[in-house]
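Asker: Sharing a model that was predicted from the sequence below.
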Amino acid sequence: MAQDSRPARPAPGTRLVFRWRKWDGGVHWEHECVYLGADEWGEWFGQPTGWRSRRPGRDFAVETPNVTLLPPSGDFAATFNAEPGAYRVYIDIAWDLRWDGDEPTGVDMDLDVVDTRDGRGIWIDDRDEWDEHRVAYGYPRELVEHLEQLAVDLERRVTDRIAPYDLATPRHWLDRLAALGGSATDA
């Protein structure tokens, strides 16, 4: 019998905080969430309505449930919002996205791929911030090239609704989040 080579993860339903930082180590977003499990795309986390997302200068309760995919590549996190959320998909291009002890963490690299429900379409967002920060922080050239290509590829995949950016994959995880109801446990 083959042993599972994946590191131990919390039990599905375990509450945790997904912590983001900026390239210079500064604090960025912190999302209260619950670990949902894993599939062939990576590991999934959920945020029920009313759970908090905060960063310096901003703190809010989410208005619709969402699930976030952390793929094994560690270079983006894709969030899928339930209806009627304004964004169907919001992908944060990242670096060093990984588990740190019992919680996921990563560096937000400014570029985002978004898919809206309000008719604005699908696009790569925050290119101005990306251009400013890649110079100011001195992002390595190879990293810049990789993440720019990744953003373009993800934009194409979202546009073509290639799994997991289809409707069925995130629906499965949103249903799993809903099934937990109020049963999320403390870590």
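Answerer: That came through, no problem. Residues are numbered from 1 along each chain as shown.
Asker: Okay, the closest residue to residue 94 other than its chain neighbours and residue 119: tell me how far apart.
Answerer: Nearest residue to residue 94, sequence neighbours excluded (C-beta to C-beta, 6 or more residues apart in numbering): residue 106, at 4.4 Å. The way it works is simple: take the backbone N, C-alpha and C, and place the C-beta from them, glycine included. Distance, residue 106 to residue 119, by C-beta to C-beta, to the nearest Å: 31 Å.
Asker: okay, those two: which has more neighbours?
Answerer: Set side by side, residue 106 and residue 119 show more neighbours around residue 106, with 24 against 5, by other C-beta atoms under 10 Å.
Asker: partners of that one in the sheet?
Answerer: residue 20 (DSSP bridges).
Asker: which helix is the longest one in the protein?
Answerer: In the chain, assigned by DSSP state H, the helix with the most residues is helix 141-159.
Asker: Show me what it is packed up against.
Answerer: Counting contacts by 3 or more C-beta pairs under 8 Å, 6 or more residues apart in numbering; DSSP states H and E, helix 141-159 is packed against strand 76-81, strand 87-100, strand 103-116, strand 122-125.
Asker: Reformat the ones you listed into JSON lines and put distance to residue 13 next to each item.
Answerer: Formatted as JSON lines, those follow (distance: least, C-beta to C-beta, whole Å):
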{"stretch": "strand 76-81", "distance to residue 13": "19"}
{"stretch": "strand 87-100", "distance to residue 13": "17"}
{"stretch": "strand 103-116", "distance to residue 13": "15"}
{"stretch": "strand 122-125", "distance to residue 13": "32"}
